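Would you be able to build a 3D model of this:
(one chain, ligands or ions: 2)
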Amino acid sequence: MKRIAVLGATGSIGASTLDIVARHPDRFRVTALAAHRNVTALADLCARFRPELAVIADPACESELRARLTEAGVTCRVAAGPAALIEAAAGTHCDTVVAAIVGAAGLESTLAAARAGKRLLLANKEAIVMAGPLLLAALAEGGGELLPLDSEHNAVFQCLPGGRPNLAAAGVRRILLTASGGPFRGLKASDLVEVTPERACAHPNWRMGRKISVDSATLMNKGLEVIEAHYLFDAPAERIEVVVHPQSIVHSLVEYVDGSVLAQLGNPDMRTAIACALAWPERVEAGVTPLDLLKIARLDFEAPDLATFRCLDLAYRALAAGGTATAILNAANEEAVAAFLDGRLPFLAIPETIERCLAGLGATAAIDLATVLDADLTARRDAQRIIATLSARTHK
Ligand code: NDP
Ligand code: MG
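Ligands and ions are numbered 1, 2, ... in the order given. Next up is the predicted model:
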């Protein structure tokens, strides 16, 4: 029986994870559930899955959560705040942690799960983008393992020989990450001036949280995934390529030196990657519609439009700069996306904010968590200043 903590339980990945767990009560048991502020959804999940520990990250919501749980007759332990998130990630109640908090808010709990030697199922890509070397060191220290939930990385993981192989020794020439191209594929900058959050969040193939949906629309999601692949698979940037594949059926590919190209295919449903990681090395039913190749009939591939979707290139540049540059990239992106979703920043100003932020702040070698958190905070302040300037320009 695997004992599972789900951090970000009320989100899109949280829901898909709990769907798999519910299908296999003989294999998986939920021991902790954590969310940010959505007390109603968290209380409902606690009533359904009966964890030992329920964590609400915002302490202001703790009493309401307690009241709801009492009302529902749920007797689990309740805790709130950053230390409680760490406990949910690193406590003895669990052996597996699903890290599905969105953004930098998930960094410390993700690191704590790694350091505690848990089986870490990583969806929270921002954590590895901000602090890849620290996460790898924490995994080594804890002696646990990381299994990627991001569909592309899960696909690459399935196409590689076991573990975290030396790519050169394993004969890997390239990792090819597929990108759907998002809702604005084929459009030019002049078509994107008036884009609304609703349009940006209407992804053609995947239903996801709002932040990652905007990242998919700007192609920053693929940029974050290039950085994620670099750390997960110890792959130099020049061996990671992005190919646009609008149907989202081929989730990614690995090319070997003998010309073999292995790919993982499936319908676009995150439950495949999640079920794979939860049960690995076994396989479990995930409720996913079987792939009907005859119905799909064709698969298309094209090069990404880097001139229109500049975020992908910015991510490669941050990766090349190294040190805290990827933390700065992530922080500026989070601030710009939040401002766009709030109606404070035009869509096309997202890459501009990030570019200015990267240019203005000197990246330093990230040696410890304090350095990373400091770079994150400074970049957010700088991004806020840039956003204020850019939105004043738009509203003139
Ligand atoms: P959602 O917005 O749907 O869910 C986010 C979850 O994180 C919610 O449970 C939310 O709680 C919680 N949360 C937000 N802020 C905090 C905080 N400060 N402290 C603690 N918990 C917090 O996001 P997704 O599920 O779409 O994405 C989660 C992560 O997975 C992201 O890193 C994303 O990039 C990655 N991912 C997602 C995919 C998808 O298909 N959705 C695919 C691949 C990767 P509350 O509800 O209370 O706000
Ligand atoms: Mg992905």
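
distance of A349 from A100?
According to C-beta to C-beta, to the nearest Å, A349 stands 29 Å off from A100. In short, each C-beta sits where N, CA and C put it, glycine included.

which one of those two has more residues nearby?
Neighbour totals were compared for A349 and A100, and A100 leads with 27 against 21 (other C-beta atoms under 10 Å).

In the protein, which residue sits nearest ligand 2?
Relative to ligand 2, the nearest point of the chain is D150 (4.2 Å; C-beta to the ion).

in what helix or strand does T31 lie?
Following DSSP states H and E, one finds T31 within strand 28-35.

Who are the packing partners of that strand?
If contacts are counted by 3 or more C-beta pairs under 8 Å, 6 or more residues apart in numbering; DSSP states H and E, strand 28-35 sits against strand 2-7, helix 12-23, helix 39-49, strand 53-56, helix 82-90.

how about these, which one is nearest Y316?
Y316 sits nearest to helix 12-23 of all the helices and strands packed on strand 28-35, at 25.6 Å, using C-beta to C-beta.

that older thread, how about the helices and strands packed on strand 28-35 in CSV, adding mean neighbour count?
Formatted as CSV, the helices and strands packed on strand 28-35 follow (neighbours: other C-beta atoms under 10 Å):
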stretch, mean neighbour count
strand 2-7, 25
helix 12-23, 21
helix 39-49, 20
strand 53-56, 27
helix 82-90, 21
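
Tell me which of these lies nearest to ligand 1.
Closest to ligand 1 of the helices and strands packed on strand 28-35 is helix 12-23 (C-beta to the nearest ligand atom; 3.6 Å).

Quick check: closest non-adjacent residue to whichever residue of the chain sits closest to ligand 1.
Closest contact between the chain and ligand 1, by C-beta to the nearest ligand atom, is at G11 (2.0 Å). Leaving aside its sequence neighbours, G11 sits nearest to G209 (C-beta to C-beta, 6 or more residues apart in numbering; 5.4 Å).

same deal with E152?
In space, and not counting its chain neighbours, E152 is closest to S252: 4.2 Å by C-beta to C-beta, 6+ apart.

One more: L314?
Of all residues not flanking L314 in the chain, I354 sits nearest, at 5.4 Å (C-beta to C-beta, 6+ apart).

wait, isn't that neighbour in contact with E335?
No. When contacts are counted by C-beta atoms under 8 Å, I354 is not listed as touching E335 (9.1 Å).

Compare neighbour counts for these two and give me the winner.
Each of I354 and E335 has its neighbours counted (other C-beta under 10 Å); I354 has more, 31 against 23.

Could you report the pLDDT at the residue of the chain closest to ligand 1?
For G11, the pLDDT comes out at 98.

Okay then, goodbye and thanks.
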